[in-house]
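Here's my sequence, what's the structure:
(chains A, B, C and D, ligands or ions: 2)
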Amino acid sequence: MDKSQAFLQCANCKKILFSIEFEQNLRVCPHCGHHHRLPAKLRIDLTFDEGSFQELDTDLRSIDPLSFPEYEEKRKGAEAKTGTFDSIISGSARIDDNPVSIAVADFTFMGGSMGSVAGEKITRTLERAAEHGMPAIVFCASGGARMQEGLLSLMQMAKTTAAAARCAEVGVPYIAVFTDPTMAGVLASYASIADIIIAEPKALVGFAGARVAKQAGVSKVPDDFQTAEFVFKHGMLDRIVPRKEMRSTLSTLVKTLGGNLRTELIKEDVPHG
Amino acid sequence: MDKSQAFLQCANCKKILFSIEFEQNLRVCPHCGHHHRLPAKLRIDLTFDEGSFQELDTDLRSIDPLSFPEYEEKRKGAEAKTGTFDSIISGSARIDDNPVSIAVADFTFMGGSMGSVAGEKITRTLERAAEHGMPAIVFCASGGARMQEGLLSLMQMAKTTAAAARCAEVGVPYIAVFTDPTMAGVLASYASIADIIIAEPKALVGFAGARVAKQAGVSKVPDDFQTAEFVFKHGMLDRIVPRKEMRSTLSTLVKTLGGNLRTELIKEDVPHG
Amino acid sequence: MAKNFDEWNRPLKELEDGIDKLKDFAKKETNPAKKTDLESKIDELEKRRDNYIEVMFQRLGPWEKVLVARAPKRPYTLDYISAIFTDFVELQGDRRGFTDNAIIGGPAMLDGKPVMVVGHQKGRNIQERQFRNFGMAKPEGYRKAIRLFDMAERFRMPVISFVDTPAADPGVESESRGISEAIAAGMFKMFELTVPTVAIVIGEGGSGGAIGIAASNRVLMLEHSVYSVIPPEGCAAILWRMPERGADAATALKLTAEHALQLGIIDEIVKEPKGGAHRDPLEASQIVKSAITRHLAELTPLAPGEIKNERYEKFRKMGIFEVA
Amino acid sequence: MAKNFDEWNRPLKELEDGIDKLKDFAKKETNPAKKTDLESKIDELEKRRDNYIEVMFQRLGPWEKVLVARAPKRPYTLDYISAIFTDFVELQGDRRGFTDNAIIGGPAMLDGKPVMVVGHQKGRNIQERQFRNFGMAKPEGYRKAIRLFDMAERFRMPVISFVDTPAADPGVESESRGISEAIAAGMFKMFELTVPTVAIVIGEGGSGGAIGIAASNRVLMLEHSVYSVIPPEGCAAILWRMPERGADAATALKLTAEHALQLGIIDEIVKEPKGGAHRDPLEASQIVKSAITRHLAELTPLAPGEIKNERYEKFRKMGIFEVA
Ligand SMILES: [Zn+2]
Ligand SMILES: [Zn+2]
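Ligands and ions are numbered 1, 2, ... in the order given. Take a look at the predicted model:
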């Protein structure tokens, strides 16, 4: 959707929307309630205290360790298109004054896929949380592991999960938010073992992408299959939270679950802005 | 079944059996494989090293703390019929030379129901296991909590479970064997949180007794409902083990799971015979 | 014997309906003399009502306690939560494929301090009742509670349990997913905790369904709640094959708070407002809150290991028998 | 490109069938001269066979490795268990309502010392394959494994994982019970363990389905096994929308043991008997056993905390990127 235009069309209900209204409504369609995807930077602005975000890990760059066909071109194209270097933005921020360690995925960068850099950024985000006693908040949006980095991508599943286990070990809360879509290798690693899992309405959430599942012979599926609503019904989510309530929900959870951290664990060298 | 008779009839397939053969076959019907219930003492003889069993906790006697209608009479009747004082026999024994802390339920004593004495004996069995680093083996056979002792019975569920948690804490294996029937308050406490759960074939295993379930409006049930086979299919059992393989299975598990105990934990004052 | 609360409560209800009607008349009455007359009549009836409640609740029998514990307007877990805590966020899911609505829970603040709240939840109308499965939790309810207990331990939050269930769900689905294991695992997890835990029976403390979230350092009972190893109707069905003799079974089972205290099962009886918690839910909440905070204040200074041991020793002592 | 092992193996199979036939003739032959003639022919063919195998296996391409890793006669987990361990007792159930037959496990003895064994299990005939769901585990498989990991930790037993799965089960049932959570929880639990853990990829190391039981202190691969982030056919389906280009995808994915070692993913390549593990399962088992015991011997002296940290540091280093 081009912000420069005065009007645009909802991809879901096809109704025509006023751009300004659409933005004010946090890119949720006022007619059908469809939650349109958000760029990572906008998500950060909408969720955390104004000006509190300090980006970290900005010096990490993906390379092409397998010489995988077309990987370089695809990645360069994504860099040009998004102006960022990979599918995760990480750093520290505050939410109602409480410091948090955060990572936000950008689906527009190669489908939010997790290669070595994304895995490293998630890992550092969770390690910083554990080390400095700040709750971790991760917004997920990914098609899964980045197959162009082969086994290195698969191992990011293990690495990020190990970092989440560190948070659990030291008693730091870790909250994951599933936005559209949260799939495959990301869902099957750090996303699903958060203490608290929240999803945006109607977000696609599942293990096997349609093409992989078809390849494996999966055919008839329920109507709501792999939606946030399906996954919630099946006990995998704590809540489905509309975008306009996301900030306040996260803030309350940081306050309650992280309540005993603030007095005991937080150190002076917290890397936040 | 009266052992003094030369012949008897299988309660399941109605065939006539030779008493001696029946006994040699561990009271398993040679025709239909039905596992007839065993008295606790016989179970001990069949399972543990000859002469190794030393009964403990023999001085515990149930009383009637609620003045519950007919409780005294029923209990006295059961004592007269069984020659024991409650539904659990507890003590120490050896299995292929490895010391174990054991408890065996007797269904003939008021349906194996758990009141204060049964709960205390199970608790002591598990505490002795934890304290002396001996694996615990408990043979269950019970209709559930003994309602004639009211809340005191309900609390035996918590007490025995707490003792099982002690075993887990110190790393002592606890094996439960479900024999026919293992139900309600016993199933919903110490029985179900054993490390290893084994059942005899076709044993009745379930939460809600038929009358209670009917009272709650439960009607259509699967054919194999509340059998060991049903429960196994639903992931609640490790194995269904025929009686003739029970001793060797338990012995192997004591050897492997308790393997690191023997050198590290066992103390000199193990109370076994 | 009345079969349910409404039947038992009818005389009082009629008296109160009468008072309400007179009040309506009095409001509309323009003749001062008649108005005074009506008002003194109302006064008298209100005194009669208060007296009736006084007498009625002075010594409720066990079956009457069962009826009051099941009163449709009795405050439920969510009522207490909204009155006692701030910042409650309900968390859901067993993370194994299922959700349950008969056990609810989540983190909250109690006087500015983080706690984890768990409780059975009943429904007030027919849709709500079905949604809540009449307060009968399935395995996934206990597994959700266990997940919350784990979080409480991880983040050092005391656990408050509100107990109010007729029993755990006894259906085929629950059996097939291991309702027995779920209850046992709930207790097991509670005994592993090193944070303070307080449970309060606010209505029905139904058997395994109750103890699965109530193996706590301190167990309290509201004055007119009941706690039982088996629902009285189920007991009557087994003992006499007559479920309708629930009142006799209630007497035999000694399921009142007084008995529980005498038997060493609970730590305190929490007084209810006059006429029962349903007559003044907010006051009831304040009384409950002060009892909870008092017990937490006693437990909080203890070291984690002591908290765990205290709980073990408390349950370890339960049971009454003779040593020959 | 051959589509499967049997097609690829056909020339060798025909050669061996020929040898077998000649041996039959030789056995029946009574004329000594003809017998000698046949025997020298057999000798020659056997040399040709050995030579063929030598050449064939000297530098298997990635797709050939995939075919060999999937060979129907390749030893499976239970074959290794029966050859390497004693006293194995298979344990079952997730204790949550479900059982799985694609992941198996239980305690056993390794040279007289207790260990916990876990592994994927494939089937050899059509019934077995269906029973084992083609080695594709459902959530309950990983949850059973987690239960075994817990027991291993409690009883201080090292964990040995045998990895052999095309992928985790992607069906509707698995999604609805949280296959993703189950895999993640499997890894999570493995990172919590303070006992030594060793995993060995014996056939297919299929993506999340594999790593769910393979986040171990040491990860080994059999020489002709493969380990991949996605099945090559799935990769081809996504990249080129042509699942039949699996061989190209296999090359691109760098899924061989050599590559895994180069990329720092695994610790050791375990040599297979000449012509692959399926040609001599017992020898293969002995080689695997000695590799496992060697790694366990290195890990066992470490303190529990060191074992856990070593594992963390090992995986922490994985990934290749530049720092600008
Ligand atoms: Zn719309
Ligand atoms: Zn028979």
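
Run a quick neighbour tally on A:Thr179.
Neighbourhood size, A:Thr179 [other Cβ atoms under 10 Å in any protein chain shown]: 26. Heads up, the C-betas are built off the backbone N, CA and C, glycines and all.

Pull the helix or strand containing it out as CSV, backbone CA atoms only.
Secondary structure from DSSP states H and E places A:Thr179 in strand A:174-183. Output in CSV follows, covering the C-alpha atoms of strand A:174-183 (Å, rounded to 0.1, in the frame of the first residue of the first chain):
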residue,chain,number,x,y,z
TYR,A,174,9.8,-13.8,27.3
ILE,A,175,6.7,-12.8,25.3
ALA,A,176,6.2,-13.7,21.6
VAL,A,177,3.7,-12.0,19.4
PHE,A,178,2.6,-14.0,16.3
THR,A,179,1.8,-11.6,13.4
ASP,A,180,0.8,-12.7,9.9
PRO,A,181,2.5,-15.1,9.1
THR,A,182,4.4,-17.1,11.7
MET,A,183,5.4,-20.4,10.2
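
Give me the sheet partners of it and which way each runs.
Partner strands for strand A:174-183, per DSSP bridges, with pairing direction: strand A:136-142 (parallel), strand A:196-199 (parallel), strand A:205-206 (parallel).

Compute the number of surrounding residues for residue 137.
No chain in the question, so chain A it is. Counted with other Cβ under 10 Å, A:Ile137 comes out at 27.

ah, no, chain C please
With other Cβ under 10 Å as criterion, C:Ala137 counts 32.

Now tell me what touches the helix or strand of chain C with the lowest mean pLDDT from outside.
Scoring the helices and strands of chain C by mean pLDDT, DSSP states H and E places helix C:232-239 at the bottom, with a mean of 89. With Cβ atoms under 8 Å, 6 or more residues apart in numbering or on different chains as the test, helix C:232-239 has contacts from B:69, B:147, B:209, B:211-212, B:214-216, C:63, C:66, C:167, C:228, C:230, C:242-250, C:252-253, C:255.

can you do 7 Å?
B:147, B:211-212, B:215, C:66, C:242-243, C:245-246, C:248-250, C:253 (Cβ atoms under 7 Å, 6 or more residues apart in numbering or on different chains).

what's the answer for stretch C:138-146, then?
Contacts of stretch C:138-146 (Cβ under 7 Å, 6+ apart): A:235, C:92-94, C:96, C:98-100, C:102-103, C:105, C:118, C:169, C:173-174, C:177-179, C:182-183, C:185-186, C:189, C:212-213.

which of the residues in it are buried?
C:Lys138, C:Pro139, C:Glu140, C:Gly141, C:Tyr142, C:Arg143, C:Lys144, C:Ala145, C:Ile146 (16 or more other Cβ atoms under 10 Å in any protein chain shown).

ok, now stretch A:193-210?
So for stretch A:193-210, counting by 16+ other Cβ under 10 Å, buried means A:193-209.

hang on, the earlier thing: can you tell which of the strands paired with strand A:174-183 is closest to C:Gly319?
strand A:196-199 (39.6 Å; Cβ to Cβ).

quick check: angle from the lengthiest helix in chain A to strand A:174-183?
For chain A, the longest helix by residue count, based on DSSP state H, is helix A:150-170. When axes from the mean of the first three to the mean of the last three Cα atoms, to 10 degrees is applied, the directions of helix A:150-170 and strand A:174-183 differ by 150 degrees.

At the geometric centre of chain C, which residue sits there?
C:Ile202 (1.9 Å; Cα atoms, centre = their mean).

ok, now how distant is that residue from B:Val231?
Look at C:Ile202 and B:Val231: by Cβ to Cβ, to the nearest Å, they are 33 Å apart.

just A:Ala78 next, same as before
Distance of A:Ala78 to B:Val231, given as Cβ to Cβ: 52 Å.

So for the two, which residue has more residues nearby?
Of the pair A:Ala78 and B:Val231, B:Val231 is the one with more neighbours under other Cβ under 10 Å, namely 30 against 21.

show me what contacts the closest residue in space to the more buried one that isn't next to it in sequence?
Leaving aside its sequence neighbours, B:Val231 sits nearest to B:Val205 (Cβ to Cβ, 6 or more residues apart in numbering or on different chains; 4.6 Å). Residues in contact with B:Val205 (Cβ under 7 Å, 6+ apart) are B:Phe178, B:Thr182, B:Leu187, B:Ala199, B:Gln226, B:Thr227, B:Ala228, B:Val231.

cool, C:Leu220 as well?
C:Ile200, C:Ile266, C:Asp267, C:Glu268, C:Val270, C:Ala291.

let's see 10 Å
C:Leu220 sits next to C:163, C:198-202, C:257, C:260-261, C:266-270, C:288, C:291-292, C:294-295 when contact means Cβ atoms under 10 Å, 6 or more residues apart in numbering or on different chains.

who's the closest residue to it other than its chain neighbours bridged to?
Residue nearest to C:Leu220 in three dimensions, not counting chain neighbours: C:Ile200, with 4.3 Å by Cβ to Cβ, 6+ apart. The bridge-partner assignment for C:Ile200, based on DSSP bridges, gives C:Phe162, C:Leu220.

What's the local residue count around C:Ile200?
28.

what do you get for C:Thr251?
Other residues lying near C:Thr251 total 16 when counted by other Cβ under 10 Å.

and after the helix or strand where it lies, which helix or strand comes next?
Using DSSP H and E, the element containing C:Thr251 is helix C:246-253. Counting by DSSP H and E, the element after helix C:246-253 in chain order, helix or strand, is helix C:257-262.

CA-only coordinates of that following helix, as PDB, when you get a sec.
What follows is helix C:257-262 as a C-alpha-only set of coordinates in PDB (Å, rounded to 0.1, in the frame of the first residue of the first chain):
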ATOM      1  CA  ALA C 257     -15.600 -25.600  57.000                       C
ATOM      2  CA  GLU C 258     -16.000 -26.200  60.700                       C
ATOM      3  CA  HIS C 259     -15.300 -29.900  60.200                       C
ATOM      4  CA  ALA C 260     -12.400 -29.300  57.800                       C
ATOM      5  CA  LEU C 261     -10.800 -27.100  60.400                       C
ATOM      6  CA  GLN C 262     -11.400 -29.700  63.200                       C
END
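
for it, packing partners?
Judged by 3 or more Cβ pairs under 10 Å, 6 or more residues apart in numbering or on different chains; DSSP states H and E, helix C:257-262 is in contact with helix B:150-170, helix C:62-69, strand C:197-206, strand C:218-222, strand C:226-228, strand C:268-270.

what ranges do the helices span in the stretch 101-250 of chain C?
Applying DSSP state H, counting those that start in this stretch to the stretch 101-250 of chain C gives helices spanning C:126-131, C:139-154, C:172-176, C:179-192, C:207-211, C:232-239, C:246-253.

scratch that, chain A
Counting by DSSP H, the helices of chain A are A:19-24, A:40-47, A:71-82, A:116-132, A:150-170, A:184-186, A:210-215, A:228-233, A:243-257, A:259-264.
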